[in-house]
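1. this one's sequence-less:
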């Protein structure tokens, strides 16, 4: 037998419980959105940083090839 531990909007007994459930759902969505934005910004930053370091290493290798 499967028992759900999630509290849904339909499970609320009073208006206060309904408001609390809606607030909790809103906070979950907000947390999810913030986590996704932070992840995307971090991926973009480190991806760009990797490109910059790659270009810098290419320049260093070219300078070493030119030296006698």
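-> Noted; the coordinates are in hand. Nothing here was measured: the structure is a model prediction, and the numbers come from that model.
2. state the pLDDT value of residue 57.
-> We have a pLDDT of 80 for residue 57.
3. run the chain-centre distance for the helix or strand harbouring it.
-> Using DSSP states H and E, residue 57 falls within helix 15-66. With Cα atoms, centre = their mean, to the nearest Å as the basis, helix 15-66 stands 6 Å off its chain's centre.
4. helices or strands up against it?
-> Contact partners of helix 15-66 among helices and strands, from 3 or more Cβ pairs under 8 Å, 6 or more residues apart in numbering; DSSP states H and E: none. To be clear about C-beta, it is placed using only N, CA and C from the backbone, and glycine gets the same treatment.
5. could you report the distance from residue 50 to residue 28?
-> 33 Å (Cβ to Cβ, to the nearest Å).
6. sorry, that was for residue 47
-> Relative to residue 28, and taking Cβ to Cβ, residue 47 is found at 28 Å.
7. equivalent analysis for residue 63, please.
-> Relative to residue 28, residue 63 is positioned 53 Å away (criterion: Cβ to Cβ).
8. how much space between residue 26 and residue 35?
-> Residue 26 sits at a distance of 15 Å from residue 35 (criterion: Cβ to Cβ).
9. then residue 54?
-> Separation of residue 54 from residue 35 (Cβ to Cβ): 28 Å.
10. before we move on, what about residue 23?
-> Distance of residue 23 to residue 35, given as Cβ to Cβ: 18 Å.
11. and residue 46, by the same measure?
-> Residue 46 is 16 Å from residue 35, by Cβ to Cβ.
12. same question, residue 43
-> For residue 43, the distance to residue 35 equals 12 Å [Cβ to Cβ].
13. also residue 57?
-> Residue 57 sits 32 Å away from residue 35, going by Cβ to Cβ.
14. also residue 22?
-> According to Cβ to Cβ, residue 22 stands 20 Å off from residue 35.
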